[in-house]
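K.L.:
I need the structure of the sequence given here:
(one chain, ligands or ions: 1)
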Amino acid sequence: MNTKKIAGEKAAEFIENGMTVGLGTGSTVYYTIMKLAERVRKDGLKIRCVSTSSKTTKLGEQLGLEIFSLNDVDYIDVTIDGADEVDKNFNGIKGGGGALLYEKLVAFASKKVIWVIDNSKKVNKLGKFPLPVEVVPYAYTHLFNFFMESGFNPVLREIDEEIFKTDGGHYIIDLHMGVIDNPYEFSLKLKDIPGVVDIGMFLDMTDVLIVGNEDGAIVKLKNKE
Ligand SMILES: O=C(CO)[C@H](O)[C@H](O)COP(=O)(O)O
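P.N.:
Numbering: from 1, shown residues only. As a prediction, the model looks like this:
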């Protein structure tokens, strides 16, 4: 049973004619994008989309979805995205796929944010998943050393032995912290460091969580059981 598919496809049901839709990045929202493209093709669903990464733009365009730049829309009705881990308050860590900055910008411009995950992503406290920090390349060695001295166990993200570059032209340093006891305080502390562009901690941004299980999708609304 593909629980990512179950969650991803369920989320597509939240999209209605005429909406502007934020398309997240990753292997779960992939199924949402496939389903939306199917509805556009078969049912004549009319939507405008804003993408969170070059990867998603490529997929969306291949499937015939209309992709607009974030600056060309006034707002986004609903954004659907994945997450790497999520706590009971719908706070989470994202950026495993390296798209955290654009994902956060798109979420911020959205009236509603839906996350699609499978059961394995649920945690009591954030921090098991390494926290991605997007940094300016100009200063990355200094930031890396600072994180090292602070005991944050930094790892510079590489792919095929090359430094990974985000769509925004930045680098990512993943912090292997373990449990983060006060995510709000820690988030402010990190974002205050010169050269940190953004971090993969998404606090108070998500309204709906869709969890894919063997038995189907569970839809949870924020602050409701
Ligand atoms: O934040 C992300 C990309 O930057 C993804 O949403 C996150 O990594 C989850 O991906 P997947 O659905 O493939 O597990």
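K.L.:
For stretch 25-37, could you pull out the residues that count as buried?
P.N.:
Neighbour counts over stretch 25-37 (16 or more other CB atoms under 10 Å) mark 25-26, 28-33, 35-37 as buried. Where C-beta positions appear, they are placed from N, C-alpha and C, glycine not excepted.
K.L.:
Summarise which helices and strands the lengthiest helix in the chain is packed against.
P.N.:
Assignment by DSSP state H gives helix 29-43 as the longest helix of the chain. Contact partners of helix 29-43 among helices and strands, from 3 or more CB pairs under 8 Å, 6 or more residues apart in numbering; DSSP states H and E: helix 3-11, strand 20-23, helix 54-62, strand 76-81, strand 110-118.
K.L.:
got these as CSV, with distance to residue 155, mean neighbour count and mean pLDDT columns?
P.N.:
Below are those laid out as CSV (distance: least, CB to CB, whole Å; neighbours: other CB atoms under 10 Å; pLDDT from 0 to 100):
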stretch, distance to residue 155, mean neighbour count, mean pLDDT
helix 3-11, 25, 24, 98
strand 20-23, 28, 26, 98
helix 54-62, 22, 17, 98
strand 76-81, 24, 25, 98
strand 110-118, 23, 23, 98
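K.L.:
Test my guess that residue 23 contacts residue 52.
P.N.:
Yes: when contacts are counted by CB atoms under 8 Å, residue 23 is listed as touching residue 52 (6.4 Å).
K.L.:
Overlap of the contact sets of the two?
P.N.:
Jointly contacting residue 23 and residue 52 under the rule CB atoms under 8 Å, 6 or more residues apart in numbering are residue 79.
K.L.:
and the ligand, which of the buried residues of stretch 25-37 reach it?
P.N.:
Among these, the ones lying close to the ligand by the criterion of CB under 6 Å from any ligand atom are 25-26, 28.
K.L.:
How far off centre is stretch 209-220?
P.N.:
18 Å (CA atoms, centre = their mean, to the nearest Å).
K.L.:
related to what we said a few turns ago, now flag whichever of the ones next to the ligand among the buried residues of stretch 25-37 is closest to residue 193.
P.N.:
Residue 193 lies nearest to residue 25 out of those, by CB to CB, at 24.8 Å.
K.L.:
how about the residues of this structure that lie near the ligand?
P.N.:
Going by CB under 6 Å from any ligand atom, the residues of the chain near the ligand are 24-28, 81-84, 94-100, 103.
K.L.:
check contacts around residue 134.
P.N.:
Contacts for residue 134 (CB under 8 Å, 6+ apart) come out as 95, 100-101, 166, 168, 170-172, 196-200.
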